[in-house]
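1. just coords:
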């Protein structure tokens, strides 16, 4: 295994060579290799020449340079893209932090207990240089505000030493170019429900005369970053997961409505295919004797396993409609099967229906929630849909898979009108956050109008029984 040590550098000629030498010589847990991913953020004081010479002398070093100074966040973002290790550790190029503490930082990750580890300067570390009072108070205040907004209990949000599983870190979009990286990544880790550990570290902080760069203006900006990412769920890069994951986590009222329609149909033993982040699973598992949450996306699986780590009646499995072998051993074990907001993303819907048939006992229920309509528009394609469905299309598919349709329900008739306007008339391919919040806040009205509007709903809920 390998750890990528990400090092942003800007104008550090007095200390950078000694700092990098310490990073190369620092102890690592057994069988763990290292690479140094150094990003020179357009240094102008001679640092660049030192870095070029150092990189030429050490094969573990990979050196990159920004031709325009962009800030620490931008340098870290670029380094993350280049990282090839299993873990990423962020290291400043000064001498404020002690690289000899890498083993302590890595331990929770290597044991599988953590997804991210923060090194805390305010826990009982071995050594800590005494620095100006107000600088420490500002750090503690920022940590307090971050904790209030993220619902974490950290002691040092602004710490440089943060270590992550690389696959998770690469899936997070980093927007901050300067020191806002710290509150941004903390807020997003909290919203993604990462398992975060803190370990005490030593701290040998610099004064401004010695070269410290962060100032009070950066503290004010950090507050703005916290508030922004508290309001905005910008949690996944476009290349990771499905667009609907973020959409569903941002619509609690809509989820409650969907759950209220599905929950009365559930039995004691339930299997759900396409569980995503567990937004619906967490509300439906209730007092079920057994609840299997199936998903194929690696990041969603990670989120599900974290979410239900201590929930004994919930079992998380890697399941894909196209992989029949994954369902071996689950035959005729469930009285209810769920395909909620799933079938539209499945290349061959009949495969998903066939696997659910295998899992159900005779007479067991299949519950589906699908987007209704005959053709896809730009908004559907932007959301990643491969299909829309009508009852006329679904009924023969269900019959071929061994099911009899017993009940249908039209849902969100007002939403169908809005979806047709924005996706069909205006050609939009995404839903902005404001529109999503307005929709969620007016779900109560949408529910009332379903009883009186004369057209079909945006979604269709169907209940079928295994023959």
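-> Thanks, I have the structure now. What you see is a predicted model, and the numbers here were worked out from it, not measured in a lab. Residues are numbered from 1 along each chain as shown.

2. Which parts of the stretch 201-350 of the chain are helices?
-> 216-231, 243-249, 252-262, 281-284, 298-307, 349-359 (DSSP state H, counting those that start in this stretch).

3. Domain map for this structure?
-> Per automatic domain parsing, the structural domains of the chain span 2-231, 243-466.

4. Tell me which of the ones you listed lies nearest to residue 237.
-> Comparing the domains of the chain against residue 237 with C-beta to C-beta, the closest turns out to be domain 2-231 (5.0 Å). Where C-beta positions appear, they are placed from N, C-alpha and C, glycine not excepted.

5. just to revisit the earlier point, got the domains of the chain as CSV, with distance to residue 237 and mean pLDDT columns?
-> Supplementary listing: the domains of the chain in CSV, determined by distance: least, C-beta to C-beta, whole Å; pLDDT from 0 to 100:
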stretch, distance to residue 237, mean pLDDT
domain 2-231, 5, 89
domain 243-466, 10, 91
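
6. Dump those to CSV, plus mean neighbour count.
-> Output for the domains of the chain, formatted as CSV (neighbours: other C-beta atoms under 10 Å):
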stretch, mean neighbour count
domain 2-231, 18
domain 243-466, 18
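
7. Pull the contacting residues for the residue nearest to residue 401 when sequence neighbours are not counted.
-> Distances taken as C-beta to C-beta, 6 or more residues apart in numbering put residue 353 closest to residue 401, at 3.9 Å, once the chain neighbours are dropped. If a contact means C-beta atoms under 8 Å, 6 or more residues apart in numbering, then residue 353 has 339, 366, 397-398, 401, 403 as its contacts.

8. As a markdown table, those with distance to residue 437 would be great.
-> Below are the contacts of residue 353 laid out as a markdown table (distance: C-beta to C-beta, whole Å):
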| residue | distance to residue 437 |
| --- | --- |
| 339 | 27 |
| 366 | 33 |
| 397 | 35 |
| 398 | 36 |
| 401 | 38 |
| 403 | 37 |
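
9. Now, the residues you listed that are in strands?
-> Among those, the members falling in strands (DSSP state E) are 339, 366, 403.

10. now, which of the residues you listed sits nearest residue 450?
-> Distances from residue 450 to those, taken by C-beta to C-beta, are shortest for residue 339, at 21.5 Å.

11. Specify the beta-bridge partners of the closest one.
-> On the basis of DSSP bridges, residue 339 is bridged to residue 368.

12. Start at 10, not 1
-> From this message on, residue numbering opens at 10, which makes the last subject residue 348.

13. Excluding sequence neighbours, find me the nearest residue to residue 210.
-> That would be residue 128: by C-beta to C-beta, 6+ apart, it lies 3.8 Å from residue 210.

14. Check whether the one you found really touches residue 207, as I assumed.
-> Yes. Applying C-beta atoms under 8 Å, one finds residue 128 in contact with residue 207, separated by 7.5 Å.

15. Which other helices and strands does the strand or helix carrying residue 195 contact?
-> If you go by DSSP states H and E, residue 195 is part of helix 190-200. Contact here means 3 or more C-beta pairs under 8 Å, 6 or more residues apart in numbering; DSSP states H and E; on that basis helix 190-200 packs against helix 81-91, helix 142-159, helix 225-240.

16. Just want the angle from it to helix 81-91.
-> 60 degrees (axes from the mean of the first three to the mean of the last three C-alpha atoms, to 10 degrees).

17. Run the chain-centre distance for helix 190-200.
-> 11 Å (C-alpha atoms, centre = their mean, to the nearest Å).

18. same question, stretch 319-328
-> 19 Å.

19. before we move on, what about stretch 202-209?
-> Centroid separation between stretch 202-209 and its chain, computed with C-alpha atoms, centre = their mean, is 15 Å.

20. which residues does the residue nearest the centre of the chain contact?
-> Central residue of the chain (C-alpha atoms, centre = their mean): residue 201, 4.3 Å from the mean position. When contacts are counted by C-beta under 8 Å, 6+ apart, residue 201 is found next to 177, 181, 244, 312.
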